[in-house]
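S.K.: 3D model of this:
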Amino acid sequence: MSFSIKSFSLLKRDIFLFITNLITGIIIARMLGPKVMGLWTILLLIPSYAEAFGRIKFDIASVYFLGKKETTIGEMIFNLNFLAIITSFFIVSIFISQFEWFYSHLFHASHLDMRSLTYFVLIIIPLQFIFTNYSYLHLYREDVLVYNMMA
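M.R.: Numbers count the residues shown, from 1 in each chain. Sure thing, here's the model as predicted:
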């Protein structure tokens, strides 16, 4: 498969995901209503902020080292998953240790108790880190079909 075909495949995937996310977002917003949709959005911001502030981007560096043939893919998968678990554990630990402070700032105007959902969303953080690792590894291997299926 050529570079242009792979790039076009990624573009088609992005267009498909944009349309489906738009449609499902509209449906979810209509079903939840404005207040609960706002709370849902706040919940989804927790893993996004964890990734923005806590992901140390070893996955990007792994593509460099794999391209230079300085390591094997098996070693890199082990290292990336180990680092993802350690950093996500550290981030989740900080959040849990300061849970009441975070909760009071995020949901101060809410009349609903979102504590159990907030703890549940914390499970997404290590999964998101590992998912990102494998995304970069599949792009390194130019396995666009698997990357598109993952997305």
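S.K.: name the residues of stretch 40-55 that come out as buried.
M.R.: Residues 43, 46-47, 50-51, 54-55 are the ones in stretch 40-55 that count as buried (16 or more other Cβ atoms under 10 Å). For every residue, glycine as well, the C-beta is placed using N, CA and C.
S.K.: give me the distance from it to the chain's centre.
M.R.: For stretch 40-55, the distance from its own C-alpha centre to the chain's C-alpha centre is 8 Å (Cα atoms, centre = their mean, to the nearest Å).
S.K.: what average pLDDT does it get?
M.R.: Taken as a whole, stretch 40-55 has a mean pLDDT of 87.
S.K.: and if you look at stretch 66-85?
M.R.: For stretch 66-85, the mean pLDDT works out to 90.
S.K.: same check on stretch 121-140?
M.R.: 90.
S.K.: tell me which residues are up against that stretch.
M.R.: 43-44, 46-47, 50-51, 55, 58-60, 62-63, 66-67, 73, 76-77, 80-81, 84-85, 87-89, 91-92, 95-96, 144, 146-147, 150-151 (Cβ atoms under 8 Å, 6 or more residues apart in numbering).
S.K.: for this structure, which segments count as strands?
M.R.: Read by DSSP state E, the chain holds no strands at all.
S.K.: spatially central residue in it, please.
M.R.: In the chain, the centroid-proximal residue (Cα atoms, centre = their mean) is Gln128; its distance is 3.6 Å.
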